[in-house]
Each structure stands twice: as C-alpha cells, then as structure tokens.
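[1] Pasting a predicted model and its sequence here:
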Amino acid sequence: MFIIQLTFSDNKSQAKDYMEGHKKWLQTGFDKGIFVLSGSLQPNAGGGIIAVDVSKQEIEEIIAEDPFVIENVVKSEIIELTPSEADERLSFLLDNRF
C-alpha cells in the first residue's frame, strides 16, 4: 500500500490549466482499482492518494503520468505502508500487504 502526497510547487497557479487531465488521470487509477482514496491537503496545499495492489515501481510509473507531476504543478512523495492493524471498517486494506 502506498500513500502519495502531492504538494503544490511554485507552479501552483498553473493547476487550473491541467486540472481536467489530472482528474482523468485520477479516475483511471480508480477505474483500475489502484486508487482507493484521494483528497485535498489542507489548507490548499495539494492532494493525497492511497493506492493498493501495485509495486513500488508501478506506482512510481503511474505517478509520473499525472499531468500535475509532468508540468511540475506538484512534487510527489511516495510513502510505502505495510498495514498491520485496522478498524473493521477498513479491514479490506489488510488484504493488500506487499
């Protein structure tokens, strides 16, 4: 499992120019079952994603395809997490241990 932090760079003002492509990229991740959660970092600092069922190399390749990353609107940080315990509402995440 991976936690991806997308922090706005100095090119933050260009986000509106690439938002449509970024949203399509996110939807592709959800459609493929890789992304299980995404949202905004507050206050207006960027975004975050939780990804499952991929290797480190695969998630690096996927993140590199984000228009926000390509155009340097955000800087990405990929954090690998091996879950060991979860509330029963999130127990499905325990099945995704790499």
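    Perfect, I can see it now. Numbers count the residues shown, from 1 in each chain.

[2] how about the strands in the protein?
    Counting by DSSP state E, the chain forms strands over residues 2-8, 35-41, 46-51, 74-80, given from the N-terminal end onward.

[3] Low-confidence regions, the protein specifically.
    Scanning the chain with the threshold set as pLDDT under 70 gives 96-98.

[4] report the longest helix in it, please.
    Under DSSP state H, the helix in the chain containing the largest number of residues is helix 15-31.

[5] what comes up buried for that one?
    Taking 16 or more other Cβ atoms under 10 Å as the neighbour-count basis, helix 15-31 is seen to contain the buried residues 15, 18, 22, 25-26, 29. Just so you know, the C-beta spots here come from the backbone N, C-alpha and C atoms, and that holds for glycine as well.

[6] and the direction of it versus that of strand 74-80, what angle?
    For helix 15-31 and strand 74-80, the angle between their directions (axes from the mean of the first three to the mean of the last three Cα atoms, to 10 degrees) works out to 30 degrees.
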